[in-house]
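Asker: Quick one, fold the following:
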Amino acid sequence: MSAHVNLAYDYPVLGAFWTVLWIFLWVLWVMLLFRVIADIFRDDKLSGWAKAAWLLFTVFLPFLGVFVYVLARGREMGGREIRHAQAQRRAFDEYVRETAAGPGNRSAADELAKLSEIKARGDISEAEFQRAKEKILH
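Answerer: Okay, the predicted model is just below:
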């Protein structure tokens, strides 16, 4: 039993602080790297070759590549992010509008057109048509 066993209270507080700090910085670095890679693909002004060059630069020399990318193109990153968020919001709003106005939520004009089509086929009488029309309009 001469082996040394590390207990929780044997780990110094400063060591725990440095461990948490390094983990935080590593996560921050990974987030920044993926944000730069996403921005490379999001930029419509870059040609395919320029995107490939930036991507290779950031993958093979990540620290230098991200640093140079942020210095060279960082000013427009926020604008591209805002435009992307606005486009996503417009697409979501359009989807909600289309879904809300789906087949179960037809407008009064659509219902009247369908009703007049049923009457023209002779499936309902004039009195039934008038009652249904009143129901739709009120």
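
Asker: Below-threshold pLDDT in this protein: ranges please.
Answerer: 1-2, 5-11, 101-106 (pLDDT under 70).

Asker: the domain parsing of it - what is it?
Answerer: Domains of the chain are assigned by automatic domain parsing as 8-74, 106-138.

Asker: Now the most centrally placed residue in the chain: which helix or strand?
Answerer: For the chain, the residue nearest the mean C-alpha position is residue 88 (6.0 Å; C-alpha atoms, centre = their mean). Taking DSSP states H and E as the criterion, residue 88 maps to helix 62-100.

Asker: repeat for residue 59
Answerer: Applying DSSP H and E, one finds residue 59 within helix 48-60.

Asker: Now that helix - C-alpha only, CSV.
Answerer: Output in CSV follows, covering the C-alpha atoms of helix 48-60 (Å, rounded to 0.1, in the frame of the first residue of the first chain):
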residue,chain,number,x,y,z
GLY,A,48,-14.9,28.8,-55.2
TRP,A,49,-11.1,28.9,-55.4
ALA,A,50,-10.9,31.6,-52.7
LYS,A,51,-13.2,29.6,-50.5
ALA,A,52,-11.0,26.5,-51.0
ALA,A,53,-7.9,28.5,-50.2
TRP,A,54,-9.3,30.0,-47.0
LEU,A,55,-10.6,26.7,-45.9
LEU,A,56,-7.3,24.9,-46.5
PHE,A,57,-5.5,27.8,-44.7
THR,A,58,-7.7,27.5,-41.7
VAL,A,59,-7.7,23.7,-41.6
PHE,A,60,-3.9,23.1,-42.0
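
Asker: for residue 124, helix, strand, or coil?
Answerer: coil (DSSP: H, G, I helix; E, B strand; the rest coil).

Asker: tally of neighbours for it?
Answerer: 15 (other C-beta atoms under 10 Å). (Glycine included, C-beta is placed from N, CA and C.)

Asker: where does the closest residue to it other than its chain neighbours land in three-state SS?
Answerer: Leaving out its chain neighbours, the residue that sits closest to residue 124 by C-beta to C-beta, 6 or more residues apart in numbering is residue 118, at 5.5 Å. At residue 118 the chain is in helix, as set by three-state DSSP.

Asker: any idea how far residue 110 is from residue 118?
Answerer: Distance, residue 118 to residue 110, by C-beta to C-beta, to the nearest Å: 13 Å.
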